[in-house]
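Trainee: Have a look at this prediction, sequence included:
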Amino acid sequence: MERTVESLIARVHHLKTFSSVVMEIERLVSREDASLRDIAAVIEKDPPTAAAVLRLANSSYYGLAQKVGSVTTALSVLGLHTVRGLVGMAAVVRAFAGATFTLVKPELLWLHSLGCAASARVLAGEAGRGMQEEAFMAGLLHDIGLIVLLEAAEEDMVRVKEALASGAFDSQAEAEREAIGFSHAEVGAALASRWHFPEPLVHAIRYHHSAQACEARARKNLPASVDPHRGMLGVFVFIADQLAKAMAMGDTVDPLVSPIPEGLWTLTGIPVEALGRVMEEADELYEDLVDSLVFSA
Amino acid sequence: MGKARKRIALKDAREGMVLAESVLSGSGVVLVAQGTVLSRALIEAIERKGIAQVFIEEEAACEWSAADLEAMQASVEGEVAARFRERPSGALMEAIARAALSVEARKRLKGGANR
């Protein structure tokens, strides 16, 4: 039987529940008239997510004297953007928790995503483009298609890993196309657009292995209505993915750092000398997230 | 190296630990100053304020001899180099490798090679 992206996605049952809260929040956030209470109501329908939101609002990082007991109050303390990231994280944690693949340890793959998210966030902040939360979310979700491939086609992914280890391919996406017909990035983008994620996020997931496509988009003068960040999301995720690998955060099918084209880096406007600080900061954020969120979940 | 600091859950705080950062109220008022040695009563008072985590000073990691340091440096260098598909070349990739090295070395010095 001919395999398609859709037929693979359909085989991964635990991802179906993943989408509902995330999608509903994204839909509400995109509406101007949605109130915090509307959004809180969606979160409350999902107890693990609500618990994560309350836990963060009550963490020492925010240092409130009063305990935060309601999701609505937590939303006003944390801000909508952070809550969006959290909702995404809670959903991803669960998607990974239901995983049955063994080629990579699911919890290490999840740590890789978290490392990429932390790095993307710090990079976006350093670039001064005010898109830290979107970058965080994109980093978190960039490998969502990899879960599908590992769950639905693990035998093929074993061959992909072997082909990469033997040096037959430079890029995971290429090896996947050879073995399966499409890459995890393409599957992830299909999933993200099915969930009605914002178009720039879908693009970042699709092209997080293609420096050329990221660069082309970033150089294109897209109207703000299409992409307020002019393709920079993909650029940050591409780089953050490599930084997370360089710092050995978690593990993935292809844990090796690929070279980042200098042209792509130039787009960030960050001087190379700042990298030491950027990576220290990303590591600090990553360790904080790991300590306060993941293992208390 | 300065003194390392570590964030711990308040329930893990013990008498005799030294605060590496002041404990602040929600409005930013200093409740307990940095450098304070924690007592049982103080820990309980912080707890009553609803604060769940504090920063404490970490004991300086065990003494590293020059030979140990050199061995550590070599092993970190090897480990970080192995993370790259190609030998890092160009200002950008070299800077990334250097930064990864310093992040890793800092963790080793802290004795926190748990991840």
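Mentor: Yes, it's here.
Trainee: got the residues of the stretch 151-297 of chain A near chain B?
Mentor: Contact residues, the stretch 151-297 of chain A versus chain B (C-beta under 8 Å from any C-beta of the partner chain): A:170, A:242-243, A:245-248, A:255-260, A:262, A:265, A:272-273, A:275-276, A:278-280, A:283, A:287-288, A:290-292. C-beta: built from backbone N, CA, C; applies to glycine.
Trainee: Buried members of the residues you listed into PyMOL, please.
Mentor: Buried members of those, defined by 16 or more other C-beta atoms under 10 Å in any protein chain shown, are picked up in PyMOL with:
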select buried, chain A and resi 242+243+245+246+247+248+255+256+257+258+259+260+265+272+275+276+278+279+280+283+287+290+292
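Trainee: Mind checking which of the residues of the stretch 151-297 of chain A next to chain B land in helices?
Mentor: A:242-243, A:245-246, A:262, A:265, A:275-276, A:278-280, A:283, A:287-288 (DSSP state H).
Trainee: okay, now residue B:92: neighbour count?
Mentor: 19 (other C-beta atoms under 10 Å in any protein chain shown).
Trainee: That should have said residue B:29, apologies.
Mentor: Residue B:29 - counted by other C-beta under 10 Å - has 10 other residues nearby.
Trainee: ok, now the one 4 residues further on?
Mentor: When counting by other C-beta under 10 Å, one arrives at 10 neighbours for residue B:33.
Trainee: mind listing the helices for the stretch 51-200 of chain A?
Mentor: A:71-78, A:80-97, A:106-127, A:132-141, A:144-152, A:154-165, A:172-179, A:184-194, A:199-206 (DSSP state H, counting those that start in this stretch).
Trainee: hey, which of the ones you listed is tucked in deepest?
Mentor: helix A:132-141 (a mean of 27; mean count of other C-beta atoms under 10 Å in any protein chain shown).
Trainee: what's the farthest-apart pair in the ones in helices among the residues of the stretch 151-297 of chain A next to chain B?
Mentor: A:262 and A:288 (30.9 Å; C-beta to C-beta).
Trainee: before we move on, back to that, now render the helices of the stretch 51-200 of chain A as TSV, adding mean pLDDT.
Mentor: Output for those, formatted as TSV (pLDDT from 0 to 100):
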stretch	mean pLDDT
helix A:71-78	84
helix A:80-97	71
helix A:106-127	91
helix A:132-141	86
helix A:144-152	89
helix A:154-165	93
helix A:172-179	93
helix A:184-194	89
helix A:199-206	91
